[in-house]
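What would the 3D arrangement of this be:
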Amino acid sequence: MINIRPELPGDEEAIWQVNEAAFGRAAEADLVDVLRRRNVITLSLVAEREGEIVGHILFTPVTITDEAGGVVTAVALGPMAVSPACQREGIGSQLVQTGITMLRQAGHEIVIVLGHPEFYPRFGFEPASRSGIRWEIEVPDEVFMALALQPGALAGVTGVVRYQPEFTGV
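The predicted structure follows:
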């Protein structure tokens, strides 16, 4: 059985290990550590199986700036990682769904993700370009997605998404 819960002090090393194993490199694991040290995490959840952390998802604040300089705040999903031995068991889906639910309950309105176009749409994500939202880095439309957590949250929102500066190094 999988238990999804907020990150707790002492989880840092296990979270690092899960991210490093899932991505096959340390960049995403190091990114999580830097964002934690800077205290710019909106939500960090872990998936536990029999007391062992086997998954992790992170949400951080981003801004969407329109051409007139207007700024809307949103939340970015990523990185999301599941230990290779536990992939394809629905753990990632549980992490995403729990995160979306908790963000919605906390009053957040928009989630942005750069991710697999065959995975994230099942949670309601759509190409951000449909709302006139783009990333400051050129990426294919189908991998840069947005989700309105509240009805109408994306209405009239256009512009460029800016992640925390540490994301540019990943």
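
Tell me which stretches of the chain form strands.
Secondary structure of the chain, counting by DSSP state E: strands at 2-6, 43-49, 52-65, 71-82, 110-114, 126-127, 133-135, 144-148, 159-162.

other SSEs contacting the last one?
Going back to what we said before, that points to strand 159-162. Contacts of strand 159-162 with other secondary structure elements, assessed using 3 or more CB pairs under 8 Å, 6 or more residues apart in numbering; DSSP states H and E, are made with strand 52-65, strand 71-82, strand 133-135. Any C-beta I mention is one placed from the backbone N, CA and C, and that applies to glycine too.

how far does that strand sit from the chain's center?
Relative to its chain's centre, strand 159-162 lies at 16 Å (CA atoms, centre = their mean, to the nearest Å).

that older thread, in JSON lines, list the strands of the chain along with mean pLDDT.
As requested, those are exported to JSON lines (pLDDT from 0 to 100):
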{"stretch": "strand 2-6", "mean pLDDT": "96"}
{"stretch": "strand 43-49", "mean pLDDT": "97"}
{"stretch": "strand 52-65", "mean pLDDT": "97"}
{"stretch": "strand 71-82", "mean pLDDT": "95"}
{"stretch": "strand 110-114", "mean pLDDT": "97"}
{"stretch": "strand 126-127", "mean pLDDT": "95"}
{"stretch": "strand 133-135", "mean pLDDT": "94"}
{"stretch": "strand 144-148", "mean pLDDT": "96"}
{"stretch": "strand 159-162", "mean pLDDT": "94"}
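
Can you report how many residues lie near Thr158?
The local packing count at Thr158 equals 17, with neighbours defined by other CB atoms under 10 Å.

For the remainder of this discussion, apply numbering that starts at 6.
In the new numbering, first residue 6, that becomes Thr163.
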